[in-house]
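> sequence first, then the predicted structure:
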Amino acid sequence: MRNKIILFCLLLCAIYNTSRSQSISPDLYKASTIPPGLKENANSVVRYSENTINVKGPGKETIKVHEIVTILNEKGDKEAEMVMGYNKKYDEYSNIEMRVYDANGVSIKKYHKSDMYDGSAAGDETMVTNERFLAVRHTVANYPTTVEIVYEENLNSFISLDGWSIQNRVEKSVQDAICTVTVDPVMGFRYKNENTTIIADKEKLNGMDVYTWQVKDLKAIKKEEHVLSWNVLPEVQFAVNNFSCYGYTGDFTSWQSFGTWIQSLNSDVCALTPQRVAEVQAMTKDIKTDKEKARFLYNYMQKSMRYVSIQLGIGGYKPFPATFVDEKKYGDCKALSNYMRALLKAVNINSYYAIIRAGANEKAADPSFPVNEFNHAILCIPFKNDTTWLECTSSTQPFGKLGAFTENRNALLITEDGGKLVNTPRSTMQDNQFNSEVHLTLNPDGGARAEIKIAGTGTYRDDYVGVESVKLDQQKEYFTHWLNLKQPIFFDFKPAPDKDGVKEVKINLEYDKFCDVMAGDKQFYRSGVFDLCAFTVPIENARKTDYYFDTPLQKSCVTTIDLPAGFEVETLPANQTLKFAYGNYEVGYVYDAAKNQVTSTAKFNLTNQVIPAAQYTELQQYLDAVAKAQNKKLVIKRKA
């Protein structure tokens with residue numbers, strides 16, 4: 001009997017392998033069979049990819065993946081990794097297999113689920129979570145190498161379906177890929193193309209809707225400087241109108257209906273105890289305006305609470321009660337935003353909990369395609385003439401300022417009538433200012449001492465508040481890199497108090513050799529201690545995508561240079577004014593012979609953070625011109 005069972009199992013394996021070998025050509029494992037055109041600009045080539053998605057009902061989905069990828073060089077080594085996130089209560093993987101083949105298609109290594117690391121997905125600020133991940137990585141020794149991945153995933157909870165990433169990174173081509181979605185029509189399945197014009201084939205099968213997409217011979221997308229993946233990578237987004245998340249059913253027919261679901265989760269968590277309400281009212285009784293009360297309470301929350309992530313079940317979407325946060329003195333973005341709302345409610349100030357996609361230059365939600373891509377919560381106070389937004393997770397963010405993390409996109413306000421998409425503020429260059437003064441003292445032997453004072457607002461303030469908390473060698477590395485400083489022999493960093501949204505820092509530097517060139521009685525110097533614009537961009541012919549800065553910005557620097565005794569100016573750098581469609585740079589120099597002092601005033605402005613692809617060449621030429629202007633030399637000589 002035992003032998004018959006073994007024989008039966010071997011027969012099943014043979015049938016399985018024969019079936020696979022019939023559908024997958026052996027040539028797909030051989031690197032030599034890659035069409036030459038697919039190697040152009042490519043670090044890897046998807047030889048074959050099949051995604052099969054079966055949506056069984058609200059919250060119930062099965063995903064099967066089979067992919068064969070050939071890695072052409074070390075830049076494609078990520079293809080030899082499997083990292084799969086899951087929730088240990090509602091998500092399960094099975095039939096996991098990763099096979100590795102040499103250039104000739106000969107199998108050289110196999111990995112299974114038992115070979116994978118199973119770890120918690122908790123980060124440094126996460127106290128507890130049900131989220132975990134499975135991971136394995138093969139170290140590629142020779143190129144080309146082919147990796148085959150197979151797995152099945154079963155989910156019992158979701159709000160939105162994952163989409164089909166046709167090409168999930170630039171410099172990756174696709175030979176043959178297919179995706180099939182089978183779904184009950186009552187689910188209200190929807191899809192949307194991103195950076196592609198692919199058309200789905202649709203058919204009926206046993207009462208189910210079956211959608212199929214297929215692509216062949218997609219060339220690699222050439223990497224461009226500062227490209228945003230959501231702006232270039234082809235994808236088909238999937239969504240359903242009916243969902244079930246951790247046992248809570250909902251309707252995603254519209255943004256309004258999804259907001260209603262969120263509102264129902266939040267309905268019983270936004271109240272403080274009567275005693276705490278009385279205390280909050282007492283704290284604010286002498287403050288005259290609602291806005292000043294809100295400012296006071298926001299500062300109170302920042303000083304009293306700390307950010308800690310807790311993601312358990314529906315707690316990933318439902319805030320912890322305001323009473324919990326008030327007692328424990330911590331919470332995540334949802335809990336702290338809800339707590340701030342409860343503080344405002346205690347003094348009769350209306351506010352709205354809001355969810356948003358956070359991250360610099362992240363994609364905004366599409367008003368015409370409701371789907372859950374949010375990862376953060378903030379708060380909105382609709383004052384009569386001044387809508388105010390609050391980032392409740394930061395202990396240092398100024399009142400009413402969001403910053404690059406959440407500005408310039410739309411958020412979903414959770415109102416009494418459901419969800420409503422509204423725009424968050426767009427910062428201007430005046431919001432992100434870098435204003436500096438430098439006193440540079442030159443020594444006769446070519447050395448120098450420099451005293452730098454910087455006042456930063458917006459993104460610069462945020463950076464300098466963060467830099468204040470790290471070690472001195474990290475502070476030195478940060479400023480040396482971002483300001484393009486010469487390496488000093490002495491570096492001292494002194495932060496000043498943060499006041500009214502302006503962060504001041506002072507830096508003292510010493511150099512034993514600040515002079516660039518010494519020739520006879522002449523010395524050649526950089527005209528400044530640092531560069532207002534410390535970067536350029538490469539030449540790119542026929543740029544296809546827009547170039548993104550994090551924010552618009554405004555920078556200035558006044559530099560006073562004390563010449564050594566016995567020296568005078570021979571040559572001042574020329575005054576310059578450079579203009580660009582979205583910014584300008586200007587610098588001027590004055591020599592005061594009586595004081596033996598040179599003063600330079602420089603300004604660099606960027607009026608818009610998004611540079612259209614059509615203006616990229618102009619940007620590149622402009623930044624090159626700025627770099628040359630900043631590199632002009634101050635020449636001094638010994639007096640006769």
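Looks like it arrived, so ask away.
> quick one, what contacts the spatially closest residue to Asp500 that is not a sequence neighbour?
In space, and not counting its chain neighbours, Asp500 is closest to Pro398: 8.0 Å by Cβ to Cβ, 6 or more residues apart in numbering. C-beta here means a position set from N, CA and C on the backbone, and glycine is covered the same way. Applying Cβ atoms under 8 Å, 6 or more residues apart in numbering, we find Pro398 in contact with Arg461, Asp500, Gly501.
> contacts for whichever strand or helix holds the first one next, please.
To tie it back to what came earlier, the one meant is Arg461. Per DSSP states H and E, Arg461 falls inside helix 459-467. Residues outside helix 459-467 that contact it (Cβ under 8 Å, 6+ apart) are 396-398, 403-404, 432-434, 454, 456, 474-475, 478-479, 493, 495, 498, 501-503, 505, 550-551, 553.
> narrow these to those in helices?
Residues from those lying in helices, with DSSP state H as the criterion: Gln474, Gln475, Tyr478, Phe479.
> now these in a markdown table, with pLDDT and distance to Tyr352?
Below are the ones in helices among the contacts of helix 459-467 laid out as a markdown table (pLDDT from 0 to 100; distance: Cβ to Cβ, whole Å):
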| residue | pLDDT | distance to Tyr352 |
| --- | --- | --- |
| Gln474 | 96 | 39 |
| Gln475 | 95 | 39 |
| Tyr478 | 95 | 37 |
| Phe479 | 95 | 40 |
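> quickly name whichever of these is closest to Ser600.
Phe479 (19.6 Å; Cβ to Cβ).
> so which elements touch the one helix or strand Ala294 maps to?
Element membership of Ala294, judged by DSSP H and E, is helix 290-304. The contact analysis (3 or more Cβ pairs under 8 Å, 6 or more residues apart in numbering; DSSP states H and E) places helix 290-304 against helix 274-283, helix 333-346, strand 387-390.
> for Asp115, find the nearest of the ones you listed.
helix 333-346 (35.7 Å).
> which other residues reach that closest one?
Contacts for helix 333-346 (Cβ under 8 Å, 6+ apart): 266, 269-272, 276-277, 280-281, 294, 297-298, 300-301, 305, 307, 310, 317-320, 322, 324-326, 331, 350-354, 376-379, 381, 390, 392-393.
> ok, Lys476 touching Ile489?
No: Lys476 lies out of contact with Ile489 (Cβ atoms under 8 Å); the separation is 11.3 Å.
> of these two, which one has the most company?
Using other Cβ atoms under 10 Å, the more surrounded residue of Lys476 and Ile489 is Lys476, with 19 against 10.
> leaving out chain neighbours, which residue sits closest to the more buried one?
With sequence-adjacent residues excluded and distances taken as Cβ to Cβ, 6+ apart, Lys476 is closest to Phe491, at 4.4 Å.
> with just CA atoms, put the helix or strand hosting the one you found into CSV.
Element membership for Phe491 (DSSP H and E) is strand 490-499. Extracted in CSV, the C-alpha atoms of strand 490-499 (Å, rounded to 0.1, in the frame of the first residue of the first chain):
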residue,chain,number,x,y,z
PHE,A,490,37.5,71.7,12.2
PHE,A,491,33.7,71.5,12.1
ASP,A,492,31.4,72.8,14.8
PHE,A,493,27.6,72.8,14.6
LYS,A,494,25.4,75.0,16.9
PRO,A,495,21.6,74.9,16.5
ALA,A,496,19.6,77.8,17.8
PRO,A,497,16.1,77.7,19.2
ASP,A,498,13.3,77.0,16.7
LYS,A,499,11.0,80.0,16.6
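> before we move on, back to that, okay, the contacts of Pro398 in a markdown table with distance to Gly85, pLDDT and neighbour count next?
Below are the contacts of Pro398 laid out as a markdown table (distance: Cβ to Cβ, whole Å; pLDDT from 0 to 100; neighbours: other Cβ atoms under 10 Å):
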| residue | distance to Gly85 | pLDDT | neighbour count |
| --- | --- | --- | --- |
| Arg461 | 34 | 95 | 26 |
| Asp500 | 42 | 85 | 6 |
| Gly501 | 38 | 89 | 15 |
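> export the residues you listed to TSV and append columns for distance to Ala640.
What follows is the contacts of Pro398, written out as TSV (distance: Cβ to Cβ, whole Å):
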residue	distance to Ala640
Arg461	49
Asp500	52
Gly501	52
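> and of those, the nearest to Cys515?
Nearest to Cys515 out of the contacts of Pro398 is Arg461 (Cβ to Cβ; 33.9 Å).
> picking up where we left off before, OK, contacts around the residue nearest to Lys476?
Contact partners of Phe491, counting by Cβ under 8 Å, 6+ apart, are Leu472, Gln475, Lys476, Phe479, Ile507, Asn508, Leu509.
> show me which of the residues you listed are buried.
The neighbour count (16 or more other Cβ atoms under 10 Å) marks Gln475, Lys476, Phe479, Ile507, Leu509 as buried among those.
> returning to what we had before: next SSE downstream of the helix holding Ala294?
strand 306-307.
> Leu606 is in contact with Tyr548, correct?
No: the pair Tyr548 and Leu606 does not pass the contact test of Cβ under 8 Å, sitting 11.6 Å apart.
> skip ahead from the lowest-mean-pLDDT helix or strand in the chain and say which helix or strand is next.
Across the helices and strands of the chain, the lowest-confidence element by mean pLDDT, DSSP states H and E is helix 2-23, at a mean of 39. Next along the chain after helix 2-23, taking DSSP H and E as the criterion, comes strand 44-57.
> endpoint to endpoint, stretch 282-300 covers what distance?
Using Cα to Cα, to the nearest Å, one end of stretch 282-300 lies 13 Å from the other.
> tell me which strands and helices the one helix or strand Ala450 maps to is in contact with?
Using DSSP H and E, Ala450 falls within strand 448-456. If you count contacts as 3+ Cβ pairs under 8 Å, 6+ apart, strand 448-456 packs onto strand 433-442, helix 459-467, strand 502-511.
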